[in-house]
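Undergrad: Sequence and predicted structure are below.
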Amino acid sequence: MEIVKKVLTDAFVLKPRVFEDDRGYFFESFNERRFNEVIGKEYNFVQDNQSFSSKGTLRGLHFQKGTAAQSKLVRVVKGAAYDVAVDLRPDSPTFKQWYGVELSESNYLQFLIPRGFAHAFVALEDNTIFQYKVDNFYSADHDGGVIWNDKELNIEWPNLRLELSEKDKHLPKLNQLNLKALW
């Protein structure tokens, strides 16, 4: 595994070492020792999540707040997604900045999103399978989010007809959150 790019404070795009031949490919999608060595920080992932989405499905911008805050290591197993992280840590040099990257089954990229970030993705293809590791267990009581099209963030989303859950359609704007109280 190697760092392809450091994109925001403590956030990285990564790529595993892929061994391909005429039979197919093999790679370690996660190796704790190597991952922590490359990142230079210890992560202890405790839960794996997976979602299945049709083209245009937007999930997010989500985060877990307080003691349930989560770091995520995300990747696409099948299909493709445009993945976005927003730094919501008031003391960070990249506060309120966002980064987006295409993750796909063919580019093998992974995105490390630290605690204190909001996260979302849009499926770019039908039957997209999105997988992510988190370093803290989910807590409904600590669930939070920001509306996907908040003008203050000005995220450049793919030009697709977007489908959102009712919950995601009604998330608050960034200026409605007490960001210092979240973390």
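TA: That came through, no problem. Numbers count the residues shown, from 1 in each chain.

Undergrad: CA atoms for contacts and neighbours, from now on please.
TA: Will do.

Undergrad: Show me what the lengthiest helix in the chain is in contact with.
TA: Criterion DSSP state H: the longest helix present in the chain is helix 32-39. The contact list for helix 32-39 (C-alpha atoms under 8 Å, 6 or more residues apart in numbering) reads Met1, Glu2, Ile3, Glu42, Tyr43, Asn44.

Undergrad: can you rerun that using 7 Å?
TA: Contact with helix 32-39 is made by Met1, Glu2, Glu42, Tyr43, as judged by C-alpha atoms under 7 Å, 6 or more residues apart in numbering.

Undergrad: Stretch 61-70 now?
TA: 115-120, 134-139, 142-148, 182-183.

Undergrad: now the end-to-end length of it.
TA: Stretch 61-70 has an end-to-end distance of 14 Å (C-alpha to C-alpha, to the nearest Å).

Undergrad: Any idea how far it is from the middle of the chain?
TA: 12 Å (C-alpha atoms, centre = their mean, to the nearest Å).

Undergrad: what comes up buried for it?
TA: By neighbour count on 16 or more other C-alpha atoms under 10 Å, the buried set for stretch 61-70 is Leu61, His62, Phe63, Gln64, Lys65, Ala68, Ala69, Gln70.

Undergrad: And for stretch 167-181?
TA: Asp168, Leu171, Lys173, Leu174.

Undergrad: What helices and strands are in contact with the lowest-mean-pLDDT helix or strand in the chain?
TA: Of the helices and strands making up the chain, the lowest-confidence element is helix 179-182, at a mean of 88, by mean pLDDT, DSSP states H and E. Helix 179-182 sits against no helix or strand, with contacts defined as 3 or more C-alpha pairs under 7 Å, 6 or more residues apart in numbering; DSSP states H and E.

Undergrad: Okay, strands next: where are they in the protein?
TA: Taking DSSP state E, the strands of the chain run over residues 2-8, 11-15, 19-21, 24-26, 47-53, 58-64, 72-78, 80-87, 98-104, 110-113, 117-123, 128-134, 143-145.

Undergrad: Can I get those in TSV including distance to Asn159 and mean pLDDT?
TA: Converted to TSV, those look like this (distance: least, C-alpha to C-alpha, whole Å; pLDDT from 0 to 100):
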stretch	distance to Asn159	mean pLDDT
strand 2-8	23	92
strand 11-15	23	96
strand 19-21	33	95
strand 24-26	32	94
strand 47-53	17	97
strand 58-64	12	98
strand 72-78	20	98
strand 80-87	11	98
strand 98-104	14	98
strand 110-113	22	98
strand 117-123	10	98
strand 128-134	17	98
strand 143-145	22	97
